[in-house]
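# pasting the structure only:
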């Protein structure tokens, strides 16, 4: 049984709650930014320009190849020096928090993955969708927002859901740069109380419940994005099964 | 040049050249289309007929020559391209409807943006043109719920919602099952009677005979022969057109 008094236990739970909040903030901020930049970069990489292609290939191979933890450390420990190099004395004065370093690192890494998904999805749309919009004199920005991206996101959705789940599981890495997130709080509580199972299992449950809820939402989003499409099996699939 | 454009001329093309790498898809095409004229363009595959009408609304950029549409010369300038596209409606072989929007929404998108219409006005306009293609009952359906012929008629309504003065058709019935060709051609014939200028790439020779003021035969990137429909079919002057007609009429 636990050797904890109820008030002590409640206090640790409260810390866990605060950690969970930080984890969620870190995750949602990073995902939102990675999504925004991922879509933009994905569109940009469709340009046949060789400089754009070259930059994209270098960027993607670095950040899909290097462990995220290394990127977090590079930004947390090396970020101030980098800012100083770019912005001079003004940059040197900026202190990088573990949270800021975490958001920056996760955004940079996952922008690459999301851009790759979006780029593939747009590439799979029929060329006629672009031509239909152009022939109607629909301006480029509206074409992307109303015609192309809604269709591309439907195609990219399964991949985006994977990125979502995977990114959530990577957020505890930022605790190694000193962020008091959920996993760090659980570790403190477990160490202090000698009750590892209670706190680590509670933490695991948090991740499981959050994932389950958001995956349900993703299903709803999928139904919404698939409006207009027949929900019967494609002829091609039927052919494969036959 | 500051030549005053002749208001009776809808489309004027001179010396049009389009290259893909080393291959010249169009090598010097001249064509003048009067306002209200119906032109049918035919020719073997690879003859440049699709490329030609796609140049008229700048879906393909031409490499040399002059294209003047409704008095606006198509240059590299994006502004003139948008101006031309406002006046020219296009119907594609594969419809190119937006699958995530209903028939009504497909028709409303461009007028709301380009003509500054409010939602109610755009909807009324879209319904008017869906009615014109006999699809008012299907306005709320997504394209995947419609037959090929119905989809193509929605695409025609979508083009009409811009109230264009010129309509381009790029093989509008080639992707349709035979039983649906008729309903699309019937709508196109009704349109022709309305006085709009039409340029239509098609192999539907019955349609050409009934509707076309002039038929144009293209081969290897050039216009080989053109003329009034009856003479075009019954007394082709060139060997190449005779050969082509023999092939498509079996």
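The structure has been received and is ready for your questions. Everything numeric here is computed off the predicted structure, so don't read it as measured data. Residues are numbered from 1 along each chain as shown, chains lettered A, B, ... in the order given.

# Would you map the helices across chain B?
For chain B, the helices defined by DSSP state H occupy B:49-56, B:78-87, B:103-114, B:119-132, B:148-160, B:178-193, B:205-211, B:229-234, B:239-248.

# can you tell me if the third one touches chain A.
Translated: helix B:103-114. Yes: applying C-beta under 8 Å from any C-beta of the partner chain, one finds helix B:103-114 touching chain A at B:109-110, B:113-114. The way it works is simple: take the backbone N, C-alpha and C, and place the C-beta from them, glycine included.

# Same question for the fourth one.
No: using C-beta under 8 Å from any C-beta, we find that helix B:119-132 stays clear of chain A, coming within 12.7 Å at best.

# and chain A, which of its residues are near chain B?
Residues of chain A lying near chain B (C-beta under 8 Å from any C-beta): A:126, A:128-129, A:131-139, A:142, A:146-147, A:150-151, A:154, A:225, A:227-230.

# Distance of the closest residue to residue B:36 other than its chain neighbours relative to chain A?
Nearest non-adjacent residue to residue B:36, counting by C-beta to C-beta, 6 or more residues apart in numbering or on different chains: residue B:195, 5.1 Å away. Separation of residue B:195 from chain A (C-beta to the nearest C-beta, to the nearest Å) stands at 22 Å.

# Same question for residue B:152.
Relative to chain A, and taking C-beta to the nearest C-beta, residue B:152 is found at 13 Å.

# residues in contact with that residue?
B:91, B:95, B:172-173, B:176, B:180, B:184 (C-beta atoms under 8 Å, 6 or more residues apart in numbering or on different chains).

# Who wins on neighbours among those residues?
Neighbour counts for the contacts of residue B:152, by other C-beta atoms under 10 Å in any protein chain shown, peak at residue B:172, which reaches 28 neighbours.

# My read is that it contacts residue B:187, right?
No: look at residue B:172 against residue B:187 with C-beta atoms under 8 Å: they stay out of range, at 9.6 Å.

# who touches both of these two?
residue B:156.

# Mind telling me the two of the contacts of residue B:152 farthest from one another?
Among the contacts of residue B:152, the pair separated by the greatest distance (C-beta to C-beta) is B:91 and B:180, at 14.3 Å.

# Helices of chain A, start to end?
Using DSSP H, helices in chain A cover A:6-44, A:50-65, A:68-87, A:89-92, A:98-123, A:127-135, A:140-142, A:149-170, A:182-193, A:196-225, A:235-241.

# Next, the angle helix A:98-123 makes with the longest one.
Think helix A:6-44. 40 degrees (axes from the mean of the first three to the mean of the last three C-alpha atoms, to 10 degrees).

# Quick check: mean pLDDT of helix A:6-44?
The average pLDDT within helix A:6-44 is 94.

# Straight-line length of stretch B:150-168, end to end?
Counting by C-alpha to C-alpha, to the nearest Å, you get 18 Å between the two ends of stretch B:150-168.

# and stretch A:55-72, which residues are buried?
Across stretch A:55-72, burial judged by 16 or more other C-beta atoms under 10 Å in any protein chain shown covers A:56, A:59-60, A:63, A:68, A:71-72.

# Off-centre distance for it?
14 Å (C-alpha atoms, centre = their mean, to the nearest Å).

# returning to that earlier point: buried ones among the residues of chain A next to chain B?
For those, buried by 16+ other C-beta under 10 Å: A:129, A:131-138, A:142, A:146-147, A:150-151, A:154, A:225, A:228-229.

# related to what we said a few turns ago, can you list the helices of chain A in JSON lines and add distance to residue B:134?
Formatted as JSON lines, the helices of chain A follow (distance: least, C-beta to C-beta, whole Å):
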{"stretch": "helix A:6-44", "distance to residue B:134": "39"}
{"stretch": "helix A:50-65", "distance to residue B:134": "47"}
{"stretch": "helix A:68-87", "distance to residue B:134": "58"}
{"stretch": "helix A:89-92", "distance to residue B:134": "67"}
{"stretch": "helix A:98-123", "distance to residue B:134": "35"}
{"stretch": "helix A:127-135", "distance to residue B:134": "22"}
{"stretch": "helix A:140-142", "distance to residue B:134": "29"}
{"stretch": "helix A:149-170", "distance to residue B:134": "28"}
{"stretch": "helix A:182-193", "distance to residue B:134": "61"}
{"stretch": "helix A:196-225", "distance to residue B:134": "31"}
{"stretch": "helix A:235-241", "distance to residue B:134": "28"}
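
# Looking at these, which one is packed in the most?
Among the helices of chain A, the stretch with the highest mean neighbour count (mean count of other C-beta atoms under 10 Å in any protein chain shown) is helix A:98-123, at a mean of 22.

# other SSEs contacting that helix?
Contacts defined by 3 or more C-beta pairs under 8 Å, 6 or more residues apart in numbering or on different chains; DSSP states H and E place helix A:98-123 against helix A:6-44, helix A:50-65, helix A:68-87, helix A:149-170.

# Grab the most central residue of chain A for me.
residue A:31 (3.4 Å; C-alpha atoms, centre = their mean).

# For that residue, which residues are in contact?
A:106, A:110, A:164, A:167.

# Widest-spaced pair of those residues?
Counting by C-beta to C-beta, the most remote pair of the contacts of residue A:31 is A:106 and A:164, 12.0 Å apart.

# wait, what's in contact with residue 125?
I went with chain A, as the question did not name one. Listed by C-beta under 8 Å, 6+ apart, the contact partners of residue A:125 are A:148, A:151-152, A:155.

# my bad, chain B
Counting by C-beta under 8 Å, 6+ apart, residue B:125 has contacts B:107-108, B:111, B:117, B:161.

# Next one: the nearest residue to residue B:48 once chain neighbours are set aside from residue B:43, what distance?
Counting by C-beta to C-beta, 6+ apart, residue B:48 lies nearest to residue B:221, which is 4.2 Å off, once chain neighbours are set aside. Residue B:221 is 10 Å from residue B:43, where distance means C-beta to C-beta, to the nearest Å.

# Please apply the same query to residue A:5.
Residue A:5 is 91 Å from residue B:43, by C-beta to C-beta.

# out of these two, which sits in the more crowded spot?
Taking neighbours as other C-beta under 10 Å, residue A:5 and residue B:43 compare with residue B:43 leading, 25 against 9.

# what bridges to the residue sitting nearest the centre point of chain B?
The residue lying closest to the centre of chain B (C-alpha atoms, centre = their mean) is residue B:168, at 1.3 Å. Beta-bridge pairing for residue B:168 (DSSP bridges): residue B:90, residue B:199.
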